[in-house]
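Visitor: One predicted model, sequence on top.
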Amino acid sequence: LDITKEIMKQAGAVFLALLSSASAFVPSVHSVSSAGSALFSSADDKTEVREYFNTEGFSRWNKIYSDTDDVNSVQMDIRNGHDQTIQK
């Protein structure tokens, strides 16, 4: 049980680190004509990702990395893949 909590803690830290840099991977729908516009777009993307994680995103993440049996097949695949990675 302690190892599961540690894995969840590490996975959460990785997820939050990804959130902080997610704007690099999110295609922008804004036209960027200046550095100021680019920074504004980046801030918008980070806000959007943060809001998603604080609502539905956390629920999905929690299902994958908790002990619940209430997961769909995709979430189970992610959970199993993560377990295989940890075991290596």
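Guide: Looks like it arrived, so ask away.

Visitor: Verify the stated contact: Arg60 with Gln75.
Guide: Yes. Counting by Cβ atoms under 8 Å, Arg60 does reach Gln75; the two are 7.1 Å apart. For every residue, glycine as well, the C-beta is placed using N, CA and C.

Visitor: What lies in contact with stretch 71-81?
Guide: Applying Cβ atoms under 8 Å, 6 or more residues apart in numbering, the contact partners of stretch 71-81 are Arg60, Lys63, Ile64, Tyr65.

Visitor: any weak-confidence spans in this structure?
Guide: The chain contains residues with pLDDT under 70 at 1-41.

Visitor: what's the following helix or strand after the helix or strand harbouring Arg50?
Guide: Using DSSP states H and E, Arg50 maps to helix 35-52. Later in the chain than helix 35-52, the nearest helix or strand by DSSP H and E is helix 58-65.

Visitor: Which positions within that following helix qualify as buried?
Guide: Neighbour-count burial for helix 58-65, counted by 16 or more other Cβ atoms under 10 Å, picks out Arg60, Trp61, Lys63, Ile64, Tyr65.

Visitor: other SSEs contacting it?
Guide: Where contact means 3 or more Cβ pairs under 8 Å, 6 or more residues apart in numbering; DSSP states H and E, helix 58-65 is packed against helix 2-20, helix 73-87.

Visitor: what's the angle between it and helix 73-87?
Guide: Counting by axes from the mean of the first three to the mean of the last three Cα atoms, to 10 degrees, helix 58-65 lies at 50 degrees to helix 73-87.
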